[in-house]
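Sharing a model that was predicted from the sequence below.
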Amino acid sequence: MQRYNVLLDVVKHELEQLELGIKGFVVITPKLEEVMRSLAEGRVPASWGFAYFSQKGLGNWFADLGDRYGFLSTWAATKMPYVFWISAFTYPTGFTTSLNQRFSRKLNGPSIDRQEFDFSTVQRPISDITEHAKEGAFVTGLFLEGAKWDHEKGCLAEPEVMELKVRMPVIHFKPIQKRSKPPQNIYDCPTYYYPKRSGTTVRDSFLMKIDLRTLEQPAEFWVKRGTALLLSLAD
C-alpha cells in the first residue's frame, strides 16, 4: 500500500508541475519533457515505473492502477478479503512466503524449506466464495497463455482458434509438507509477472511454478507449447 501511495504522490506532483510548465509558471525540465512526450505517445513515463513493472499502455495502466489501489484500500478499510488478487501485490513472492510462514507456525508445522504448495482450482465464481481458506489462500488474477482451462474436466485443454490468453478460475494455494513423490498428470506451469518472460535488467519476470492438471496431453506437450501463467497482460 505504501508503494502505491508514493507512486500516486509522484504522478500527482509531476502532472501538476507539467501543467504549470505549460502555462509558463515553471521551467520544463528534461524530466518533465520526458513525461510530456510519454503522455503524448500514450506511454507510461519511466519515472512512474518504479512501483511495479507493466507493459500496458497509458490508458490501461491508469485503469489497472485504480483497480490495484482499490483492492488494497478496501482491504485496509474493511477486512481481509476471501479471495486475494495476487496481481495487486507489487511483490507477490512476499504474499506466498507469508502463507508458508503461517503454516510453519502451526503445531508441528514443517519449516519453510520442507514445504510446497498444493494447487487446486475452485469451481465457484468469486462472488460465491464467502469464507477464507482453512489453509493457505484463494487466489485470483492469473491468465493462461498457450492453452485454455476446461472447467468441466478441471484440466488443461487446447485453446479455441485465435484465443491467445484466458482467465483462470480461482486457485487454492495450500501449503503442505513436501511430498515424497510428485503427483501424476501434472504440468509444472511457469508463472510470470508480465508477458515479457525474459524480464528486464532490473527485475526478473519469473515468479514460481503452479501445478496444473493434464489429461489428454502429457506435460511435455504443454512444455513445447510454451504454456504459462501470467499475472498481468499487455492490454
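Done, it's in.

What residues sit buried inside stretch 177-193?
Residues of stretch 177-193 classed as buried: 187, 189-193 (neighbour count, 16 or more other Cβ atoms under 10 Å). C-betas here are computed from N, CA, C, even on glycine.

cool, and stretch 59-78?
Buried residues in stretch 59-78, counted by 16+ other Cβ under 10 Å: 60-61, 64-65, 68-69, 71-72.

So which of the residues you listed belong to strands?
Of the buried residues of stretch 59-78, none are assigned to strands by DSSP state E.

Among those residues, name the ones in helices.
Counting by DSSP state H, the part of the buried residues of stretch 59-78 found in helices is 60-61, 64-65, 68-69, 71-72.

who's in contact with the longest helix seen in the chain?
As assigned by DSSP H, the longest helix anywhere in the chain is helix 2-23. The contact list for helix 2-23 (Cβ atoms under 8 Å, 6 or more residues apart in numbering) reads 26-28, 31-32, 35-36, 45, 47-48, 50-52, 65, 68-69, 72, 90.

can we see that at 10 Å?
The contact list for helix 2-23 (Cβ atoms under 10 Å, 6 or more residues apart in numbering) reads 25-29, 31-36, 39, 44-45, 47-52, 62, 65, 68-69, 72-73, 88-91.

Buried only: go through those residues for me.
For the contacts of helix 2-23, a neighbour count by 16+ other Cβ under 10 Å gives the buried set as 32, 35-36, 44-45, 48, 51-52, 65, 68-69, 72, 88-90.

Could I get the buried residues of stretch 59-78 in CSV, plus columns for distance to Q177 and pLDDT?
Shown next, in CSV, are those (distance: Cβ to Cβ, whole Å; pLDDT from 0 to 100):
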residue, distance to Q177, pLDDT
N60, 41, 95
W61, 41, 96
D64, 37, 96
L65, 39, 96
R68, 33, 96
Y69, 37, 96
F71, 31, 96
L72, 31, 95
